[in-house]
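Trainee: Here is my input; please provide its structure:
(chains A and B)
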Amino acid sequence: EAEVAQSPRYKITEKSQAVAFWCDPISGHATLYWYRQILGQGPELLVQFQDESVVDDSQLPKDRFSAERLKGVDSTLKIQPAELGDSAMYLCASSSSRDSFRLFFGSGTQLSVL
Amino acid sequence: AQKITQTQPGMFVQEKEAVTLDCTYDTSDPSYGLFWYKQPSSGEMIFLIYQGSYDQQNATEGRYSLNFQKARKSANLVISASQLGDSAMYFCAMREPRGGSTLGRLYFGRGTQLTVWP
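Mentor: Model prediction:
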């Protein structure tokens, strides 16, 4: 079964450093999501893409976070500079146009900022 | 205001017994979707079951069923015949229409940690 691929699986960095996460959605899925999950809480949407366009980034801290999906396929989420409060699980998800209500999630990137 | 409320931080159930995980939601939109996801310790979110607000019957998927009580804004997950592999975090989520102010954003509750013991 097709999966959403994410890398790296774990990332440890020091505050003020830059970090980047990569996501490859299921082939053919036009919608891609980045979620952040703080320990003990449910995931919260950071940014949503429809093909290469951002359709919702209202929850993205734009002073330090950026996201791109240049060719409408894979996506990169960047944090610069990282802060201690950014420690969390970063989950990528995708959905198809035919079955848009169901999101398929990747295994996530666990970020620890020291 | 919280869109999704899960009041049970943790639940324990014996293997082969049934368990109900509670979820209440808040929306003024007549059209919405309700979801349950399972998150094992590996971290990925696994889709379990979906209920549309206009669906007349409760959704079922194998051992999972969703007890949908629209007037009470309740969408409890029932797991029958629990298995050790069911031990995980369970999240209730709601999605409003894409044309609305929330752009179809999926809202999650804080989750319930289910532990199945032998």
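Trainee: When you work out contacts or count neighbours from here on, use the C-alpha atoms and nothing else.
Mentor: Will do.
Trainee: outside of the helix or strand of chain B with the lowest mean pLDDT, which residues touch it?
Mentor: When the helices and strands of chain B are compared on mean pLDDT, DSSP states H and E, strand B:106-108 comes out lowest with a mean of 89. Strand B:106-108 has contacts (CA atoms under 8 Å, 6 or more residues apart in numbering or on different chains) with A:42-45, B:3-4, B:91-96.
Trainee: of these, closest to B:S31?
Mentor: B:E96 (6.6 Å; CA to CA).
Trainee: Please report how far the closest one lies from chain A.
Mentor: 10 Å (CA to the nearest CA, to the nearest Å).
Trainee: which non-adjacent residue is nearest that residue?
Mentor: B:Y32 (4.6 Å; CA to CA, 6 or more residues apart in numbering or on different chains).
Trainee: that older thread, within its sheet, name the partner strands of the helix or strand following the least confident helix or strand of chain B and how each one runs.
Mentor: Downstream of strand B:106-108, the first helix or strand assigned by DSSP states H and E is strand B:112-117. Strand B:112-117 sits in its sheet next to strand B:10-14 (parallel), strand B:88-95 (antiparallel), going by DSSP bridges.
Trainee: Report the rounded mean pLDDT for the last one.
Mentor: Spelled out, it's strand B:88-95. The average pLDDT for strand B:88-95 rounds to 95.
Trainee: Check the spacing between the closest residue to chain A within chain B and A:A18 real quick.
Mentor: The minimum distance from chain B to chain A, using CA to the nearest CA, falls at B:E44 (4.1 Å). Going from B:E44 to A:A18 by CA to CA, to the nearest Å gives 24 Å.
Trainee: ranges for the strands of chain A?
Mentor: According to DSSP state E, chain A carries its strands in the segments A:5-7, A:10-13, A:19-24, A:31-37, A:44-50, A:53-56, A:65-68, A:75-79, A:88-95, A:104-105, A:109-113.
Trainee: Count the residues that sit near the residue of chain B closest to chain A.
Mentor: Look at B:E44: counted by other CA atoms under 10 Å in any protein chain shown, it has 21 neighbours.
Trainee: And A:Q80, by the same measure?
Mentor: 15.
Trainee: if I look at it, how far off is A:L60?
Mentor: Taking CA to CA, one finds A:Q80 at 13 Å from A:L60.
Trainee: Quickly note the distance from the residue nearest to the spatial centre of chain A to A:R102.
Mentor: Chain A has A:W34 as the residue nearest its centroid, 3.0 Å off, counting by CA atoms, centre = their mean. From A:W34 across to A:R102, the span is 15 Å (CA to CA).
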